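Participant: Generate coordinates for the sequence data below:
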Amino acid sequence: METKLHVGWIGLGKMGTPMCRRLLNNNIPVAVYDLRATATKELAKQGATECGSVAALSRKCDLVFSMVSDDEALLKVGSMLDPAVTLVDMSTVSLSASRQVAAGRQADRYLRAPVSGSVSLAESGTLTIYCSGTQRAFAAAQSYLCHLGSRVIFCGESEEARAIKLAINIIAGCVPLLVGEAIALATRLGVSREMIVDAMAESAVSSPLIQYKADMLKSLGWAATSASLDTVAKDAGLAVREGAAVDLALPLSSMVRQVSASFQQAGMGQLDFFALSQWADSGLPLHDRMHKP
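Facilitator: Now for the predicted structure:
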């Protein structure tokens, strides 16, 4: 009979909460920890066991998932979690931070498992999950990952999953800038905003991302439905730094980072990242050209 692991979850943000809830809804007992006590209490109502610290959670669990905000948060988790516990990190972080965590853990006790998808896909359990680490670590987590994603892909035994995730994020970050230029040109040439958005969504250049954001592009309402501008700025910065480490210039990623930083400086970092599509609307200063929510 398969040994049932005691599962833990660290990080109950926009993505982590629905993902953890997926495990609970599939009758998997989960111990939870987050810096915000309100987040753990909400899941405790659905059967999760609250823990007051990473160390307390570590004592209860054999397998721990983490979905945290950045390198610093992951490094803290890695330093506080018992090295004998299998850590499955699903965050978007740098390869260098991931390597530091790996160096402090037993070889078979660390799986990199970043995800691709939106909050709605996290809620439905249809994320794409890229995994790298040892086959033993992958095997320990695989049955749980299948509740979180419709595609669970093993990519290699080192940092391959991190590299793939950053590469995908490069494309996602560039899309709103390209779409915004196209809309700006078409509308100045006399096409309605609704018509050009529909044309793009139905053309050969369409994608699930453009289709998903079509209504937002028409309404100019930028309440975040997926990644925020803050998140895209962070991810573009990660990509640029990783590129520099291997002597590779990434000019488009650098532009995404710079434009995102302009929005952040204007106090708009929490908007949906497709607000970047407004950048090309005019030559006016950012405050004058943005359609605020």
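Participant: tell me the domain ranges of this structure?
Facilitator: 7-157, 164-289 (automatic domain parsing).
Participant: CSV for these, including mean pLDDT and mean neighbour count?
Facilitator: Every C-beta, even on glycine, is put in place using the N, C-alpha and C of the backbone. Formatted as CSV, these follow (pLDDT from 0 to 100; neighbours: other CB atoms under 10 Å):
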stretch, mean pLDDT, mean neighbour count
domain 7-157, 95, 19
domain 164-289, 92, 17
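Participant: Spell out which residues sit in contact with residue 49, please.
Facilitator: Each residue near residue 49 by CB atoms under 8 Å, 6 or more residues apart in numbering is listed here: 29, 30, 31, 32, 60.
Participant: Going by distance to residue 131, which of the residues you listed wins?
Facilitator: Proximity to residue 131 was ranked across those by CB to CB; first place goes to residue 30, at 19.5 Å.
Participant: Make sure the closest one is actually in contact with residue 20.
Facilitator: Yes - using CB atoms under 8 Å, residue 30 is in contact with residue 20, at 6.0 Å.
Participant: Mind listing the shared neighbours of these two?
Facilitator: In contact with both residue 30 and residue 20: 9, 43, 48, using CB under 8 Å, 6+ apart.
Participant: Which strand or helix spans the nearest residue to the second one once chain neighbours are set aside?
Facilitator: The shortest distance from residue 43 to any residue that is not its chain neighbour, by CB to CB, 6 or more residues apart in numbering, is 5.3 Å, and that residue is residue 32. With elements taken from DSSP states H and E, the one containing residue 32 is strand 30-33.
Participant: cool, and residue 65?
Facilitator: Going by DSSP H and E, residue 65 is part of strand 63-66.
Participant: who does that strand touch, helix- and strand-wise?
Facilitator: When contacts are defined as 3 or more CB pairs under 8 Å, 6 or more residues apart in numbering; DSSP states H and E, strand 63-66 packs onto strand 7-10, strand 86-89, helix 135-145.
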